[in-house]
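Student: just a sequence and a predicted model for now, questions to come.
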Amino acid sequence: MSDIQRTLILVKPDGVRRGLAGEVLRRIEAKGYTLAAVELRTADDALLGAHYEEHQGKPFFQPLVDFMKSGPVLAVVAEGHRVIEGFRSLAGSTEPTAAAPGTIRGDLGRDWGLAVVQNLVHGSDSPESAEREIGLWFPGL
Ligand code: DAT
Ligand code: MG
């Protein structure tokens with residue numbers, strides 16, 4: 001039981017706008033992960049700049065930040081054995097057109113032809129990212 005992980009999941013503004021926040025939570029819970037924190041909030045430049053620091057300087061960085069500020073996101077901390085890898089698997093690959101059916105992005109997402117890929121959810125990609133991102137979104141946790 002010593003390797004229970006936590007991951008940061010975001011239902012992005014496209015997911016919240018389309019009323020899919022509950023569907024994403026349902027899939028997290030149906031997989032057997034535990035919810036440790038859930039909060040609806042609108043992010044600002046400082047939080048998003050830190051959250052996406054690995055993408056600063058890339059052509060899609062500013063469109064990504066603008067998109068992520070365009071409405072509330074549902075921030076979630078989920079917990080369980082190998083949850084970081086497990087949620088990335090539930091989410092599917094980055095591009096929703098190519099994401100496998102059965103995944104969140106593959107079942108519910110599509111390519112809108114915009115400068116930034118709108119793909120419904122974010123999930124931390126490593127234990128180091130998870131710890132950093134949970135500290136940014138839920139500093140008190
Ligand atoms: P992921 O969200 O699968 O971890 P990422 O961390 O590489 O993907 O990128 C963060 C987000 O930025 C991604 O969810 C959608 C957007 N994005 C990534 N690559 C992009 C690109 N080449 N053009 C437009 N948007 C992109
Ligand atoms: Mg990423």
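Tutor: Received it, and whenever you're ready, just let me know what you need. Ligands and ions are numbered 1, 2, ... in the order given.

Student: list the contacts for the residue most central in space within the chain?
Tutor: Most central in the chain under C-alpha atoms, centre = their mean is His122, positioned 1.7 Å from the mean C-alpha point. By C-beta atoms under 8 Å, 6 or more residues apart in numbering, the contact set of His122 is 8-10, 12. For the C-beta atoms, the positions are set from N, CA and C on the backbone; glycine is no exception.

Student: of the residues you listed - the most surrounded one?
Tutor: The most crowded member of the contacts of His122, judged by other C-beta atoms under 10 Å, is Ile9 (29 neighbours).

Student: for it, name its beta-bridge partners.
Tutor: According to DSSP bridges, the residues that bridge with Ile9 are Val76, Gly123.

Student: can you give me the pLDDT of it?
Tutor: Ile9 is assigned 99 on the pLDDT scale.

Student: was I right to think it contacts Val121?
Tutor: Yes: taking contacts as C-beta atoms under 8 Å, Ile9 lies within contact range of Val121: 6.4 Å.

Student: which helix or which strand is home to Arg105?
Tutor: If you go by DSSP states H and E, Arg105 is part of helix 104-108.

Student: got the CA positions of that helix in PDB?
Tutor: What follows is helix 104-108, C-alpha atoms only, in PDB (Å, rounded to 0.1, in the frame of the first residue of the first chain):
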ATOM      1  CA  ILE A 104     -12.400  10.200 -22.800                       C
ATOM      2  CA  ARG A 105     -10.800  12.100 -25.700                       C
ATOM      3  CA  GLY A 106     -11.600   9.300 -28.200                       C
ATOM      4  CA  ASP A 107     -15.300   9.000 -27.200                       C
ATOM      5  CA  LEU A 108     -16.100  12.600 -26.500                       C
END
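
Student: quick one: the helices in the chain?
Tutor: Here the chain has its helices, by DSSP state H, at 13-17, 21-31, 45-51, 61-68, 83-91, 104-108, 127-137.

Student: turn those helices into TSV, columns for mean neighbour count, distance to ligand 1 and mean pLDDT.
Tutor: What follows is the helices of the chain, written out as TSV (neighbours: other C-beta atoms under 10 Å; distance: least, C-beta to the nearest ligand atom, whole Å; pLDDT from 0 to 100):
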stretch	mean neighbour count	distance to ligand 1	mean pLDDT
helix 13-17	20	11	98
helix 21-31	16	14	99
helix 45-51	15	10	98
helix 61-68	18	5	98
helix 83-91	20	7	98
helix 104-108	20	8	98
helix 127-137	17	9	98
